[in-house]
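Novice: my questions are about this predicted structure, shown below with the sequence.
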Amino acid sequence: MKIHINEGVARGNISAPPSKSMAHRLLICAAMCEGESTVRGISTCEDVLATLDCLGALGVRCEQVGEDVVVCGKKPQDMRPSAPLKCRESGSTLRFMIPIAMRSEQTAVFYGAKSLMSRPMSVYENMCRERGLTYLSDGESIVVKGQLGGGEFTLPGDVSSQFISGLLFALPTADKDSTIRILPPIESRSYIDLTIDALKSFGVSAAWQDEHTIFIKGKQKYNPTDVTVEGDYSGAAFPEALNLFGGEVCVSGLRPDTIQGDSVYKKYYDMLVRGVPTIHIGDCPDLGPVLFAIAAAKNGGIFTGTRRLKIKESDRAEAMREELSKMGCDVTVLENEVFVKCEGLIAPKEIISGHNDHRIVMAMATLCTLTGGVIEGCEAVSKSFPDFFGKLSDLGIEVINHEDK
């Protein structure tokens, strides 16, 4: 899908999209209850649909009614894969679901997009080898077989926190207590806390013993409940960025007392407006593209902790370097740092590529409100914010879908 965005100033009120991160977590917790739960405010984005597909393949009945999902769960020990678990492009789905599927003694087969199946998975591969469990990967599928039990686990902290969250979902139902020791430095700690918070909503306990150790009591039961997904700060960051470009946009539906790590974007926006800051994004890598975009439009910036941007839907630092160069911006990408320097944006003469990455598309769309421009691959927003361009239009920005002409 190719979208033409005309220069304009955004004004109006919109609601934040539901938090994709919390939707995954709450649906999975509901699936492991013996009974019926309702998860309200679910987005139909591609990643959440992937999790629903995988839960269905494990024998969990999920009935979607509007923006609510009624989940009839079962103990993970009783989950029986009736079909391959198709994760589409969702790294969260894949990494969350593998330990859950391994709580039974059944073979589970995972599939996903080529870009997903090429992401690093050595944490689980090493874990299975150490415990004598089955883990097989041929680049197109992953085959696992449990039964994964409790005990001592040691994981590196400088990889995706999704591995830790996957274990946090599965281990409370094990027969014995578990301890997860995380080797420093720990990145994206806020996402681990989101998982612990989701567990708490369903009556399950996991607690930090110290800065690097989580204790999980065994033989716990998930209790059915009724929960609502809060608004997504990482999604709200894009329309709120328009306020830095002269806009008057109010985003509602965000929980003020959230523990979402990406809520820090408001602080970082202020820093980018005031000067040329150094910002560490190791704990909020999803903000990278929009922060780079704002730096390009304002005073520039230095970003550290950028290593993990390489293993997202695209190599995000390189993708933003390539696309920002089309608008006259100089970006230098190092191993764990990104330098953004710009002396004034120009209207891009080339078509901007979305790199099959929702956050690249949305970040570049915000800049195109300043200069105008054409972005291809815009269908990528369906991964997290399906109605992004509709909401941009509601704010008074002229958005032309070339495929509708």
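Specialist: In hand now; what should we look at?
Novice: point out where the stretch 151-300 of the chain drops to low pLDDT.
Specialist: Applying pLDDT under 70 to the stretch 151-300 of the chain flags no residue at all.
Novice: strands along that one, start to end?
Specialist: 151-156, 178-183, 206-210, 213-216, 226-228, 248-252, 278-280 (DSSP state E, counting those that start in this stretch).
Novice: nearest to Val48, of the ones you listed?
Specialist: With Cβ to Cβ, the closest approach to Val48 among the strands of the stretch 151-300 of the chain belongs to strand 226-228: 14.3 Å. Every residue, glycine included, has its C-beta placed from N, CA and C.
Novice: buried residues, the closest one. List them.
Specialist: Across strand 226-228, burial judged by 16 or more other Cβ atoms under 10 Å covers Val227.
Novice: try stretch 298-313
Specialist: Those would be 298-303, 305-309, 311-313, for stretch 298-313 by 16+ other Cβ under 10 Å.
Novice: tell me the SS of the closest residue in space to Pro76 that isn't next to it in sequence?
Specialist: Closest residue to Pro76 apart from its sequence neighbours, by Cβ to Cβ, 6 or more residues apart in numbering: Arg103 at 3.8 Å. The three-state assignment at Arg103 reads coil, by DSSP: H, G, I helix; E, B strand; the rest coil.
Novice: how many other residues sit next to Arg103?
Specialist: 22 (other Cβ atoms under 10 Å).
Novice: what of Ala237?
Specialist: Ala237 has 29 neighbours, counted by other Cβ under 10 Å.
Novice: check Cys250 too.
Specialist: Counted with other Cβ under 10 Å, Cys250 comes out at 12.
Novice: repeat for the one 3 residues further on
Specialist: Other residues within reach of Gly253 by the criterion other Cβ under 10 Å amount to 15.
Novice: which ones are touching it?
Specialist: Going by Cβ atoms under 8 Å, 6 or more residues apart in numbering, Gly253 touches Ser15, Ala16, Glu230, Gly231.
Novice: what's the most distant pair in those residues?
Specialist: Farthest pair in the contacts of Gly253 (Cβ to Cβ) is Ser15 and Glu230. Separation: 11.7 Å.
Novice: between these two, who's got more neighbours?
Specialist: Taking Ser15 and Glu230 together and counting by other Cβ under 10 Å, Glu230 has the greater number of neighbours (21 against 14).
Novice: please report how far Asp210 lies from Glu36.
Specialist: Asp210 sits 37 Å away from Glu36, taking Cβ to Cβ, to the nearest Å as the criterion.
Novice: what about those two, which has more around it?
Specialist: Neighbour count, other Cβ under 10 Å: between Asp210 and Glu36, Glu36 has more, with 15 against 8.
Novice: what sits closest to the more buried one if chain neighbours are left out?
Specialist: Cys72 (5.2 Å).
Novice: my read: that neighbour touches Thr38, true?
Specialist: No: the pair Cys72 / Thr38 is not scored as a contact, 10.6 Å apart, by Cβ atoms under 8 Å.
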